[in-house]
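In: mind looking at a prediction? Sequence and model below.
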Amino acid sequence: MSLILIIDRIKNKIVRSYRKAVFRKSISCPHKSFVLVDKVHLINKNVKLGKNVTLYPDVCFYGDGTIEIGNNVEIGNGTVVYSSKDGGIKIGSNVMIAAHCYITDTDHGIAAGEVMRKQKNNVAPTEIEDGAWLAAGVKVLKGSKVKAGAVVGAQSLVKGEIPENAIAVGIPAKAIKYRS
């Protein structure tokens with residue numbers, strides 16, 4: 001192996017260790033049992049992280065509310081999790097979230113006669129229960145609940161509740177069958 005590749009490997013290891021230490025300190029995580037594959041955007045520091053969590057590149061934690069993540073969770077590239085202080089996001093254990101998902105507990109008011117950006121947000125807690133899987137590009141809107149063991153197909157939009165062990169697809173996502 002060439003010297004330049006050895007130096008690059010050492011540099012990358014140092015950078016990963018540094019990012020993990022800063023992330024851990026920023027969220028006051030009591031353990032080191034998680035993996036940051038690359039840079040994670042931490043705009044919201046109210047994150048409670050379980051053990052054996054893997055965060056892939058460009059995951060973004062945003063907002064000012066609580067984000068709770070259970071054990072053995074994987075969150076894919078470019079996923080955004082937005083939590084407002086009056087709501088909250090809860091992700092159970094053994095959950096898989098593929099790339100480019102968006103999970104939120106809020107949406108904007110739309111009353112006529114007032115500028116959109118000045119309107120009060122509508123907020124409701126959002127939950128993804130144990131063992132669920134969100135495929136690539138899934139959007140989960142405020143107040144939604146993906147029940148235990150449910151699978152939500154790629155590019156689907158969750159608005160409401162997905163039943164336990166359901167396989168749901170579409171806009172809005174609807175159960176088309178159940179895992180057996």
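Out: Nice, I can see it.

In: okay, now the unreliable bits of the protein?
Out: Applying pLDDT under 70 to the chain flags no residue at all.

In: what about 90?
Out: Applying pLDDT under 90 to the chain flags residues 1, 108-111, 113-114, 116-118, 120-121, 180.

In: which residues in this structure form helices?
Out: Remark: helices assigned in the chain by DSSP state H are 3-26.

In: go ahead and flag the most central residue of it.
Out: Note on the chain: the residue nearest the mean C-alpha position is Val81, at 4.4 Å, using CA atoms, centre = their mean.

In: these two touch, right, that one and Gly65?
Out: No. Look at Val81 against Gly65 with CB atoms under 8 Å: they stay out of range, at 10.1 Å. (Each C-beta comes from the backbone N, C-alpha and C, glycine too.)

In: hey, what's in contact with both of the two?
Out: The contact sets of Val81 and Gly65 overlap at Asn44, Ile89 (CB atoms under 8 Å, 6 or more residues apart in numbering).

In: which residues touch the residue nearest to the centre of the chain?
Out: Applying CB under 8 Å, 6+ apart to Val81 gives the contacts Asn44, Val59, Cys60, Phe61, Tyr62, Ile67, Ile75, Ile89, Ile91, Ile103, Thr104.

In: nearest to Val37 among the residues you listed?
Out: Proximity of the contacts of Val81 to Val37 was ranked by CB to CB; the top entry is Val59 with 8.9 Å.

In: how many neighbours does the closest one have?
Out: Val59 has 24 neighbouring residues, counting by other CB atoms under 10 Å.

In: for it, give me its contacts.
Out: Residues near Val59 by CB under 8 Å, 6+ apart: Val40, His41, Ile75, Gly76, Asn77, Gly78, Thr79, Val80, Val81.

In: just the buried subset of the residues you listed, written out for ChimeraX, thanks.
Out: For the buried members of the contacts of Val59, the matching ChimeraX selection, counting by 16 or more other CB atoms under 10 Å, is:
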select :40,75,76,77,78,79,80,81
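
In: what's the closest of the contacts of Val59 to Ala132?
Out: Nearest member of these to Ala132, counting by CB to CB, is Ile75, at 12.4 Å.

In: number of residues surrounding the spatially closest residue to Val37 that is not a sequence neighbour?
Out: Nearest residue to Val37 in three dimensions, chain neighbours excluded: Tyr56, at 4.8 Å (CB to CB, 6 or more residues apart in numbering). A count of nearby residues for Tyr56, using other CB under 10 Å, gives 19.
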